[in-house]
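> got a sequence here, can you model it:
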Amino acid sequence: MSNEIVLKVENLSKIYKIGEIGTGTLSHDINRWWAKFRGHEDPTSKISQINQRSQVAKSDYIHAIKDINFDVKNGQVLGIIGKNGAGKSTLLKIISRITSPTTGSIKAKGRLSSLLEVGTGMHPELTARENIYLNGSIMGMKKIEISSRFDDIIDFAGCKMFVDTPIKRFSSGMNVRLGFAVAAFLEPEILIVDEVLAVGDVEFQKQAIGKMKDVSKNSGRTVLFVSHNMASVQHLCDTCMLLKNGQLDSLGSTDLIIDKYLKINANQFSFERKNNFDEIYVSNLEIESQKGNSIISGEDIKIFMYYKSNIIDPEASYEFIIGIWNENFAEQFMLTNNYLNELIKLNSPTGCIVFHVKKLPLNIGSYTLNTMIKKNNMRMDFQENIYSFKIDNNNYYNSGISYPLNYNGIYVDFSVNLKQ
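Numbers count the residues shown, from 1 in each chain. As a prediction, the model looks like this:
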């Protein structure tokens, strides 16, 4: 990685008007121009200071991003993380010139290619072959340059049989494969990839991450990567940026920024109902371990799922479900009475369902619980991130050996024997 700056973002902000699209747009633009011409304050500058969808805005305008400043060097892989609504996609759309900023500037050296959502840059009526040549032409490439990379693009996308088929007939996964292959193999100086890779299967995600590493390490090109998969960000990115409420919270080494992001999220988790369901709902959750407040991998735990019901229906069958997710937003396992073929009938408006997990198979890290209650196979209550806990100690195999930190897999109780 050289010290040459290939992307410079200065004082970047994007303001959106809340309400009907297009209402008063021309008059507002004229008012802003007139105020600027006279040296007066922008009449639309009195806007909300928050970018949180859960709160009521205090004005008709809101900052999607505000005062963003950063540089990206040649060959650098920059990860961009943050909660939904933090401004990640808006930032990439502005850098990709899909939308324009309200204030600030972007200076980029060389060709820029972006994959922000399924079908980005692709014309649905054109074939895969035609779209490849169209995208290359837009990037200023000659036909002979595109042709030299054509076979690599088709092989990576896995659409050799359908190269002359209009892409409107492609599945979303095929569209993503083709879009990524076009973006990566046409060798832009800056490659921008949003969470769209989540649409692809596991094999494609591994191939895509491998290709992005190759683009940066071997070709010396720059990559901007947005993902909610912290394992992918950690594996791919040497530098990371954390956005919070539309502003740049921190920028630095990937490990430090991810650790800060996970701690912020962990501190926000508590038992808090986010949706209201009238008939039956989870009223509380508790975890009991053999070590009291300390939860250790390999030990037995009990999860107490308390419920309240406003309607008693003794004939109905109920399913109680708990999903456990790790800090990389990967589901670890699910608990439900249906897996054990145990029907639950309720005769009381309140009660507790106890899940007994033997030899907890989780690695060291932070975890959250999602819950669901079904009545006669109909969803009655669903809560995300309703409860959180941490595992700080691990001796699952009683050998002193454990999985690496941030490993997404769970432990398996097994034995090894030698037969000769």
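
> any idea how many residues pack against the residue lying closest to residue 8 once chain neighbours are set aside?
In this structure, residue 8 finds its nearest non-sequential neighbour in residue 107, 4.4 Å apart by C-beta to C-beta, 6 or more residues apart in numbering. (Each C-beta comes from the backbone N, C-alpha and C, glycine too.) Using other C-beta atoms under 10 Å, the number of residues around residue 107 comes to 11.

> wait, a strand at residue 107?
Yes. Counting by DSSP: H, G, I helix; E, B strand; the rest coil, residue 107 falls inside a strand.

> what confidence value was assigned to it?
Turning to residue 107, the model gives it a pLDDT of 92.

> and the gap between the residue nearest to residue 297 when sequence neighbours are not counted and residue 318?
Nearest non-adjacent residue to residue 297, counting by C-beta to C-beta, 6+ apart: residue 394, 4.1 Å away. Using C-beta to C-beta, to the nearest Å, residue 394 is found at 34 Å from residue 318.

> distance of residue 143 from residue 134?
Taking C-beta to C-beta, one finds residue 143 at 11 Å from residue 134.

> so these two - more neighbours on which side?
Between residue 143 and residue 134, counted using other C-beta under 10 Å, residue 134 has the larger neighbour count: 16 against 10.

> hmm, that one is touching residue 128, no?
No. Taking contacts as C-beta atoms under 8 Å, residue 134 lies outside contact range of residue 128: 10.6 Å.

> quick one, strands of the stretch 301-420 of the chain?
For the stretch 301-420 of the chain, the strands defined by DSSP state E, counting those that start in this stretch cover 301-309, 318-326, 331-336, 350-357, 365-375, 378-391, 393-394.

> for the fifth one, packing partners?
Using 3 or more C-beta pairs under 8 Å, 6 or more residues apart in numbering; DSSP states H and E as the contact criterion, the elements in contact with strand 365-375 are strand 280-289, strand 301-309, strand 318-326, strand 378-391.

> out of the ones you listed, deepest packed?
Counting by mean count of other C-beta atoms under 10 Å, strand 318-326 has the highest mean neighbour count of those, with a mean of 20.

> need the contact list for residue 376.
For residue 376, the contacting residues are 316, 317, by C-beta atoms under 8 Å, 6 or more residues apart in numbering.

> can you do 10 Å?
Contacts for residue 376 (C-beta atoms under 10 Å, 6 or more residues apart in numbering) come out as 313, 315, 316, 317, 318, 319.

> quick one: which two of the residues you listed are the most distant?
The distance between the two most remote of the contacts of residue 376 (C-beta to C-beta) is 15.1 Å, for 315 and 319.

> rewinding a little: how about JSON lines for the strands of the stretch 301-420 of the chain, with mean pLDDT and distance to residue 414 added?
Listed next are those as JSON lines, based on pLDDT from 0 to 100; distance: least, C-beta to C-beta, whole Å:
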{"stretch": "strand 301-309", "mean pLDDT": "94", "distance to residue 414": "20"}
{"stretch": "strand 318-326", "mean pLDDT": "94", "distance to residue 414": "21"}
{"stretch": "strand 331-336", "mean pLDDT": "93", "distance to residue 414": "16"}
{"stretch": "strand 350-357", "mean pLDDT": "96", "distance to residue 414": "18"}
{"stretch": "strand 365-375", "mean pLDDT": "90", "distance to residue 414": "22"}
{"stretch": "strand 378-391", "mean pLDDT": "86", "distance to residue 414": "20"}
{"stretch": "strand 393-394", "mean pLDDT": "68", "distance to residue 414": "17"}
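
> what does the pLDDT read for residue 288?
87.

> nope, residue 59 is what I meant
pLDDT, residue 59: 56.

> check residue 407 too.
For residue 407, the model assigns a pLDDT of 71.

> do you know how far it is from residue 366?
Relative to residue 366, residue 407 is positioned 14 Å away (C-beta to C-beta).

> what do those two both touch?
With C-beta under 10 Å, 6+ apart, residue 407 and residue 366 have common neighbours 326, 328.

> who has more neighbours, the two?
residue 366 (18 against 15).

> wait, the more buried one touches residue 326, no?
Yes. Between residue 366 and residue 326 a contact is recorded at 7.4 Å, counting by C-beta atoms under 10 Å.

> what do the two both touch?
residue 391.

> quick check, residue 173 in a strand?
No. Under three-state DSSP, residue 173 sits outside any strand and is assigned helix.

> just give me the neighbour total for it.
If you count neighbours by other C-beta under 10 Å, residue 173 ends up with 14.

> again, but for residue 331
Around residue 331 sit 11 other residues, with neighbours defined as other C-beta under 10 Å.

> could you check how far it is from residue 324?
As judged by C-beta to C-beta, residue 331 and residue 324 stand 7 Å apart.

> which residues do the two both contact?
By C-beta under 10 Å, 6+ apart, the residues touching both residue 331 and residue 324 are residue 370.

> related to what we said a few turns ago, joint contacts of residue 134 and residue 128?
Residues touching both residue 134 and residue 128 (C-beta under 10 Å, 6+ apart) are 122, 182.

> so where is the stretch 101-250 of the chain shaky, pLDDT-wise?
Counting by pLDDT under 70, the stretch 101-250 of the chain shows low-confidence ranges at 117-120, 195-202, 229, 231.

> again, only using 80
Along the stretch 101-250 of the chain, segments meeting pLDDT under 80 span 115-121, 139-140, 172-173, 187, 195-206, 215, 218-219, 228-232, 234-235.

> return the set of buried residues in stretch 92-99.
Buried residues in stretch 92-99, defined by neighbour count with 16 or more other C-beta atoms under 10 Å: 92, 93, 94, 95, 96.

> can you tell me what sits against that stretch?
Stretch 92-99 is contacted by residues 7, 9, 12-14, 16, 64-65, 68, 72, 80, 87, 89-90, 100-102, 104, 106, 108, 112-117, 120-121, 190, 192-194, 224-226 when judged by C-beta under 10 Å, 6+ apart.

> this completes my enquiry, with thanks.
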